[in-house]
Structure formats: structure tokens, C-alpha cells
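[1] Got a predicted structure here, sequence first:
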Amino acid sequence: MIDNSTHTDSIFHAVRSGDADTVLKLLAENVTVLEHEDEKGYTPLILATYHGNAVLTDLLLKNGANIDHQDASGNTSLMGVCFKGYEQIVDLLLENGANVHLKNGNGGTALAFAAMFGHETIVKKLVDNGASIYDQDVRGLRPIDLAAQQGNESMVNLFKELDEERQAN
């Protein structure tokens, strides 16, 4: 009998340390660890993305990890990498069908995180993949409002341009 608690600890340790060999070994043993959660609701995929590990992200996605799993706060892998600015992983997640419309417990979206932290290229990618510039969080704030609160004038201007494009179409 397989001790899943040991394998769960192993997968989380392997992901945190970037140990793809151990992740592959655990997957090869048919251990169903892809959807195990730690105390914060993080899955191996969420941890791989949060740590900026594109190799492990790709490996976990190819092995069936739930791309849109939400942690205890409602955050997804996509939200985390938009917060951190990991463009390569944003690309991987979008190519694999990550949902740009999901909201966390505060009503925040991946686009809101990218806007708040000034990741213009990521904002454009999200919008190109269907993210709405008009979504509001629980306080009624849109991504443009969050960028303005951060004093990011170039991001505010980007959202104004995107709004003008939407209005014209």
C-alpha cells in the first residue's frame, strides 16, 4: 500500500526545490499527488508556478494537473504568475487553457494582479486571451483603478487605450 502522506510531502518538497526527477518518479509510481493540497490550498502546480519554474509547470500540466485550481484564498496559478510577472509561465498557462475570468475571494483577477504590479506585456496577453478590462473586485475597483492607486501612469494609459479600442469595435 502506498503511503500518500509521504508522497504528498515528497511532491511538495520536490516542487519547492525544483527537483523534476523526483516529480517524474512520483508520477511514474502512479501516485495521485497532482491535486493534493498543502495547508494553504496550494497544489504542486500552484507551487511550481509561484516559484517561477517553467519546466515543472509544463511537466505538471502535461500530466493532468488542474490548471484552474484555486487555493484557500481563491487564487490560481495564473493569478500568482501575473502578480510576480513570470511571462514565460503566463504563456504556458494561457496556451494550456487557463481561465482568465476566474476571481479570487476578493474578486481579484489575473488581469487585476498584472495591472496592479505594472506588468504591461502580461496585461496585453490576458486581454488578447479574453480578459475583461471592466471586471470589478469586491470593492468595485477595476484594473485601471488598481494601476492608478499604484501611481502607474503608463499602465493607466494602456487601459485607456484598450478601452478606446473596445469602444471603437
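    Okay, I see it. Residues are numbered from 1 along each chain as shown.
[2] which residue ranges form the helices in this protein?
    For the chain, helices defined by DSSP state H occupy the ranges 4-17, 20-28, 44-50, 54-62, 77-84, 87-95, 110-116, 120-128, 143-149, 153-168.
[3] Residue 57 against residue 49, yeah?
    Yes: counting by Cβ atoms under 8 Å, residue 49 is a contact partner of residue 57 at 5.3 Å. Yep, even glycine has a C-beta here, placed from its N, CA and C like the rest.
[4] Overlap in contacts, those two.
    In the contact map built from Cβ atoms under 8 Å, 6 or more residues apart in numbering, the residues linked to both residue 57 and residue 49 are 77, 89, 93.
[5] Now do the contacts for the last one.
    Residues counted as contacts of residue 93 (Cβ under 8 Å, 6+ apart) are 49, 57, 61, 67, 77, 78, 81.
[6] Nearest residue to the first one in space, ignoring adjacent ones along the chain?
    Leaving aside its sequence neighbours, residue 49 sits nearest to residue 77 (Cβ to Cβ, 6 or more residues apart in numbering; 4.0 Å).
[7] how about low-confidence regions in this protein?
    When residues are selected by pLDDT under 70, those of the chain lie in 1-8, 30-31.
[8] hmm, 90 instead?
    Within the chain, the stretches with pLDDT under 90 are 1-14, 22-37, 166-167, 169.
[9] So which residue is smack in the middle of it?
    Closest residue to the average C-alpha location of the chain: residue 78 at 1.5 Å, with Cα atoms, centre = their mean.
[10] can I assume that residue is in contact with residue 97?
    No: taking contact to mean Cβ under 8 Å, the distance of 10.4 Å between residue 78 and residue 97 leaves them out of contact.
[11] joint contacts of these two?
    With Cβ under 8 Å, 6+ apart, residue 78 and residue 97 have common neighbours residue 67.
[12] returning to that earlier point: for the residue nearest to residue 49, give its distance to residue 102.
    In this structure, residue 77 and residue 102 are 10 Å apart, going by Cβ to Cβ, to the nearest Å.
[13] Comparing those two, which residue is more hemmed in?
    residue 77 (32 against 16; other Cβ atoms under 10 Å).
[14] The nearest residue to residue 27 once chain neighbours are set aside: neighbouring residues, count only.
    On the basis of Cβ to Cβ, 6+ apart, the spatially nearest residue to residue 27 that is not a chain neighbour turns out to be residue 63, at 5.3 Å. Residue 63 has 15 neighbours, counted by other Cβ under 10 Å.
[15] do the same with residue 124
    With neighbours defined by other Cβ under 10 Å, the count for residue 124 comes to 14.
[16] so who does it touch?
    Contacts here follow Cβ under 8 Å, 6+ apart; on that basis residue 124 touches residue 158.
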